[in-house]
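Participant: Provide a 3D model corresponding to the input given below.
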Amino acid sequence: MPHNTKLRRLLLPPALAFAASALFVFFFQLPQPYGDSPEYFALASSVSQGHGFTADGMTPDTYRPPLFSFTLGLWFALFGGPGLVSAALFQSFIFALSALGVFLLGRQLLPGRYPYWAALAFAVHPFIIPFNAYVLQEPLLLCVTCYALYFSVKLLKEPSPRAAAASGVFWGLCILGKAVAWYAPFLLAVFVLRKSGKAALVVLGLALLAVLPWTVRNYRVLGRFVPVNDQGAGALEWYMTRGAHAGAGGAEYIESLKGKNMPEGEYRRKLAAFIASHPKQVFKQSVRNAALFTQVDREWYGKVAGLSMRWKYWLLPFLLFQLPLYIGFALALWRGRSAEIFFLGSFYLLYWLQYALYWGEPRFAIPVYPLLLCLGVLGWLKKTKESVHP
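Facilitator: Have a look, this model is predicted:
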């Protein structure tokens, strides 16, 4: 294939992704910040103005992970200051890089032109593009996770210092983006260890080195060990006041404890004990969370465009966009014999499990969508080792 043709094929998915997302931003209504967005926006604005990682301009923040707000703050500093349109264009730029990452990851897993078509499908995905309108971290998490997976697969296929270093750095960035990826470098090291102990050490060492400066910063702020961020008892309170535990008196129990002025550690232990004492609610909520993780993200369509958010109206998009990929994913794991397939499947299932145990929303699955897409397509193909790109 001529060099120019290869270059055009490489650049078309990210160009299409940026154009599609930017056009969406300019022609459709942007949501006003709500939920987690205001705090992310405030942190990024503070970073762009040189005040550091603080939401109020004075108090160092340890509640949120740093990667998204720092990166968005740098974008604000370079391109005219804070603004919702600027934030959406940042998300569009990240989305373009993600489309390139999908193509590269696909080339490691899929034969023929399937990586190209997968990247193009990702670039115009009607349930991922609208998410770029939000000031939320999932698009950036998708990007860094995609590249971490790409370098991990390269490393598992043929260990090299460059692939090991890139994998370690990108997994460190993933952890700084959200601690849910904490296990990834350890999992990768286990798989790589059979081929190269040195590569496994490089992965772990650079991942930990990427996180270490922020951990030191947190220790200086809080006086205790906090690797990435600490939401206090907030995560437990969130879990207990919604879903299955809301009907079991979770909110009332929290109110009864707050009047006792007990130490933070004891308060957390009592909340955890309450959750553990309601196994039926835990099981019910976990099943519900796991199911929500698999659905299409309809946040923009429901809360901005005004369509119904009830799941039964979104069953057809699930059947068209999600179910075939999950079936293909299962087929790929069933037929897979290579280390990279087992690693990718293990990573996805552990990621899914964490959100099933805590809280499931369709947006939490966005960072690992490229993996689902590539393995979902692979499962439907008759793949041979020789047909996959080097």
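Participant: From here on, just use CA atoms for contacts and neighbour counts.
Facilitator: Noted.
Participant: Which parts of the stretch 51-200 of the chain are helices?
Facilitator: 67-78, 84-109, 114-123, 138-157, 161-177, 184-193, 197-222 (DSSP state H, counting those that start in this stretch).
Participant: who wins for proximity to L315 among these?
Facilitator: helix 114-123 (20.2 Å; C-alpha to C-alpha).
Participant: Out of the helices of the stretch 51-200 of the chain, flag the one nearest F26.
Facilitator: Short answer: helix 84-109, nearest of these by C-alpha to C-alpha, at 8.2 Å.
Participant: now the angle from the closest one to helix 138-157?
Facilitator: 20 degrees (axes from the mean of the first three to the mean of the last three C-alpha atoms, to 10 degrees).
Participant: who's in contact with the nearest residue to I129 once chain neighbours are set aside?
Facilitator: In space, I129 comes closest to S21 once its chain neighbours are excluded; the distance is 5.7 Å by C-alpha to C-alpha, 6 or more residues apart in numbering. For S21, the contact set (C-alpha atoms under 8 Å, 6 or more residues apart in numbering) comprises 92, 95, 129-130, 132.
Participant: K382 too?
Facilitator: K382 neighbours (C-alpha under 8 Å, 6+ apart): none.
Participant: Assumed it was part of a strand.
Facilitator: No: secondary structure assignment places K382 outside any strand; it is coil (DSSP: H, G, I helix; E, B strand; the rest coil).
Participant: how about the helix or strand hosting A251 as CSV, C-alpha atoms only?
Facilitator: Using DSSP states H and E, A251 sits in helix 250-258. In CSV, the C-alpha atoms belonging to helix 250-258 read as follows (Å, rounded to 0.1, in the frame of the first residue of the first chain):
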residue,chain,number,x,y,z
GLY,A,250,-29.8,3.7,54.7
ALA,A,251,-30.4,7.4,54.7
GLU,A,252,-32.1,7.3,58.1
TYR,A,253,-29.2,5.4,59.6
ILE,A,254,-26.7,7.9,58.2
GLU,A,255,-28.7,10.7,59.9
SER,A,256,-28.7,8.9,63.2
LEU,A,257,-24.9,8.6,63.1
LYS,A,258,-24.2,12.2,62.1
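Participant: Most widely separated two among the contacts of S21?
Facilitator: F95 and P130 (11.1 Å).
Participant: More neighbours: these two, which one.
Facilitator: F95 (28 against 21; other C-alpha atoms under 10 Å).
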